[in-house]
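1. 3D model of this:
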Amino acid sequence: MAVVGMALRFPGADTPAAYWRDIRAGVSHVRPFTRRELAASGVPEDVLDDPDFGGASALLDDGVDGFDAGFFGMSGREAELTDPQQRLFLECCELALEDGGYAGPGASDDRRDLGDLRDLRDLRDLRDLRDLRDLRIGVYGSVGYRLYSLHSYLGANVLAGGGSTANGTANGTTEGKTADGTTTGAADWTTDWTTAKQIQVGNYPDFAATRAAFRLGLRGPAVTVATACSSALVSVHLACRTLLAGDADLMLVASSALHLPQITGHRHVPGSTVSPTGTVRAFDAAADGTVGGNGAAAVLLKPLARALADGDTVHAVILGSAVTNDGADKGRYGTANSPSRHGSFAAPGVTGQRDAVLDALRDAQVTPDEIGYVEAHGTGTYKGDPIEFAALTEAFRRHTDRVGFCALGSTKPAIGHLDSAAGLAGLIKAMLVLPPGVLPPLVNLTRPNPELGVDKSPFVLPRTATLWQGDGVRRAGVHSIGMGGTNAHVILEQAPPPPPRPADPSPTPALLPLSAATPEALTAYARAFHDTLVRDPGLAPADLLTTTALGRRHLRHRLVVTAPAAELADALGAFVAGRTAPLPTGGGDP
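-> So this is what the prediction gives:
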């Protein structure tokens, strides 16, 4: 399967380029909350004085407030009643479709401009519009826990009328408060049937995928997946199976997870999986627990042969995948401990994880010797990391005795644990590792946990960015586990090289139609295209036209740029700068 589109909103990054920049540099966005931040969120002074109390997380740079309800055909009231996780889920689905070129009138129910498009001479050689309209695009995915409603965000700020915003900023109590913190009284949950239904649809995970299908006009299967922290990668596996069965032409996989309130704390309890120091140290000797993060992502999948035939941009190839469960075999790792057949329900197990890796390798028809990088679950817990490491080692040892040939990584030290969205954070990270062949550092690694036996294992834990060894096709594994024992593993391969671009000596001006919902968004959109053309001046005008005319929605504010291919960037730059670009002139019929 080919990954032909992707989108993300992670701490410190809202584009793949920004995400890779931080990954390569080993940047961590996990930070402890200050006393002032915790006090402002409502934590009492006596609790703040408790030495066992603290809090940390990795937050989204621009928060969770912004949401263009009108773009998705929603009223402001409906948006207020919708869990921000579902809003992010919907946004990432749209952006992944746009990235893949399947968000436009040729791919969904929005056909208002098809008549205009057919009149453009430049579209003679583009994809058949009827075929695009008939595409079956499905969506699988997951959202995090219903904290938006369970912590009375709706009651405190939306239903009680207390200073609500699009994200329903709230104090987590059952009292409503105005913007200045004045109590408005207990929330009134007695409401009309329509509002009650909006609350249900906007907050129950059951409706995340089906609502995306409704809002985006997707006619393929739409299913919400719930296997805790492995939900996103399990969704990828199920989406691949759906495409293999021919039940869809393309599949979206999306997931979002927010910890609400964004700034909160907890009292440390011995044995907890939450780090008392607020730092995630995956596979490190000082690992003391994990820290929650916030984020969302989506990928768009399509059978590889079809993607290559249709000229899609392929970001990476999914060679194989597998899903297993631990059953009752919990808690065993290494050789120092005997199997615990009836351990904790929350504990991971070696056997199930090992089998997921072996099954995925078998599905991909590759051996561990061909894998140069594994993006692990790597939560930084003192029990979970050794169990996962043992499972990965056992799987690799079924096929090879080599030592230190495969790098291991984890997103958790950098952006926190994204719960249901963690698998997509790891998948996209591994996808970004493949093209440049740079193995990123494992953030916060000081000294590997001696219980792991890293020196005698197939794995290395990079402290700095290093070059991928070998000249062959690069392949990586992505591992994810969920509370309850459902494990997922995916095998990735770098995308095949794109076909050479044909020379375009024609002096005929190129046509580039752009549109956006607001004038400001149109300017930003034009700036993005300008920057892309400056970085890659060899982009074919026909490809740009295909993307903007067929692959993007046609919105109210529009711009059409026409210029020789070599001058498109200058023309866009003139518009962004507020100048009028000269209209090209020449012979020929008007």
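2. For Ala307, give its distance to Val225.
-> 23 Å (Cβ to Cβ, to the nearest Å). Every residue, glycine included, has its C-beta placed from N, CA and C.
3. just Cys92 next, same as before
-> On the measure of Cβ to Cβ, Cys92 and Val225 end up 15 Å apart.
4. Settle it for me: which of those two has more neighbours?
-> Comparing Cys92 with Val225 by neighbour count (other Cβ atoms under 10 Å), the higher total belongs to Cys92, at 28 against 25.
5. and the more buried one, that one's in a helix?
-> Yes. With DSSP: H, G, I helix; E, B strand; the rest coil as the criterion, Cys92 is located in a helix.
6. Now it. Nearest residue, chain neighbours left out?
-> Once flanking residues are discounted, Cys92 sits nearest to Ala298: 3.8 Å by Cβ to Cβ, 6 or more residues apart in numbering.
7. likewise Gly426?
-> Closest to Gly426 by Cβ to Cβ, 6+ apart is Glu375, at 4.3 Å.
8. how much space between the residue nearest to Cys92 and Arg36?
-> Relative to Arg36, and taking Cβ to Cβ, Ala298 is found at 35 Å.
9. Give the residue from these two that has the larger number of neighbours.
-> Neighbour count, other Cβ under 10 Å: between Ala298 and Arg36, Ala298 has more, with 32 against 9.
10. how about the helices in the stretch 351-500 of the chain?
-> 384-397, 412-415, 422-433 (DSSP state H, counting those that start in this stretch).
11. and Gly246, which of the ones you listed is closest to it?
-> helix 422-433 (23.5 Å; Cβ to Cβ).
12. who touches the helix or strand where Phe575 lies?
-> Per DSSP states H and E, Phe575 falls inside helix 568-576. Outside helix 568-576, the residues that touch it by Cβ atoms under 8 Å, 6 or more residues apart in numbering are 510, 512, 523, 526-527, 529-530, 533-534, 537, 541, 544, 559, 561-563, 580-581.
13. same thing but 10 Å
-> 509-512, 514, 522-535, 537, 539, 541, 544, 559, 561-564, 567, 579-584 (Cβ atoms under 10 Å, 6 or more residues apart in numbering).
14. are any of these buried, and which?
-> Buried residues within the contacts of helix 568-576, defined by neighbour count using 16 or more other Cβ atoms under 10 Å: 509-512, 514, 522-523, 525-526, 529-530, 533, 539, 541, 544, 559, 561-564, 567, 581.
15. Confirm that Asp46 sits in a strand.
-> No. Assigned with three-state DSSP, Asp46 falls outside any strand and is helix.
16. who touches it in this structure?
-> Counting by Cβ under 10 Å, 6+ apart, Asp46 has contacts Phe53.
17. and the gap between it and Arg35?
-> 13 Å.
18. Kindly report the same for Val490.
-> Using Cβ to Cβ, which is the criterion applied here, Val490 is 42 Å from Arg35.
19. out of the two, which sits in the busier spot?
-> Val490 (30 against 14).
20. In this structure the more buried one contacts Asp359, no?
-> No. Here Val490 lies out of contact with Asp359, judged by Cβ atoms under 10 Å, at a distance of 11.1 Å.
21. okay, and the common contacts of these two?
-> Joint contacts of Val490 and Asp359 (Cβ under 10 Å, 6+ apart) are 320-323.
22. Cross those against helices and list the overlap.
-> Among the shared contacts of Val490 and Asp359, DSSP state H puts none in helices.
23. Make CSV out of those residues and add neighbour count.
-> Shown next, in CSV, are the shared contacts of Val490 and Asp359 (neighbours: other Cβ atoms under 10 Å):
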residue, neighbour count
Gly320, 21
Ser321, 25
Ala322, 20
Val323, 23
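24. which among these gets closest to Asp62?
-> Ser321 (32.8 Å).
25. where does that closest one land on pLDDT?
-> We note a pLDDT of 99 for Ser321 in this prediction.
26. what's around the residue lying closest to it once chain neighbours are set aside, how many residues?
-> Distances taken as Cβ to Cβ, 6+ apart put His237 closest to Ser321, at 4.1 Å, once the chain neighbours are dropped. Residues near His237, counting by other Cβ under 10 Å, number 26.
27. Also Pro16?
-> 18.
28. my guess is it meets Met6, correct?
-> Yes. Pro16 lies in contact with Met6 (Cβ under 10 Å); the separation is 6.3 Å.
29. Spell out which residues are contacts of both of the two.
-> Shared contacts of Pro16 and Met6, counting by Cβ under 10 Å, 6+ apart, come down to 99, 297, 315, 428, 431-432.
30. neighbour-wise, which of those leads?
-> So for the shared contacts of Pro16 and Met6 (other Cβ under 10 Å), the most neighbours sit at Ala297, 31 neighbours.
31. that older thread, the residue nearest to Ser321 looks like it's in a helix, true?
-> Yes. Under three-state DSSP, His237 sits within a helix.
32. and the gap between it and Ala7?
-> His237 is 20 Å from Ala7, by Cβ to Cβ.
33. what do you get for Arg579?
-> 32 Å.
34. With Arg397 instead?
-> Taken as Cβ to Cβ, the span from Arg397 to Ala7 is 37 Å.
35. More neighbours: the two, which one.
-> Applying other Cβ under 10 Å to Arg397 and Ala7 shows that Ala7 carries more neighbours, namely 26 against 14.
36. so what's that one up against?
-> Ala7 touches 14-16, 91-100, 252, 254, 296-300, 424, 428, counting by Cβ under 10 Å, 6+ apart.
37. Report how many residues lie close to Gly292.
-> 24.
38. so it touches Gly380, yeah?
-> No. Judged on Cβ under 10 Å, Gly292 makes no contact with Gly380 at a distance of 11.9 Å.
39. Need the overlap of contacts for those two.
-> Counting by Cβ under 10 Å, 6+ apart, the residues touching both Gly292 and Gly380 are 275, 280, 412, 417.
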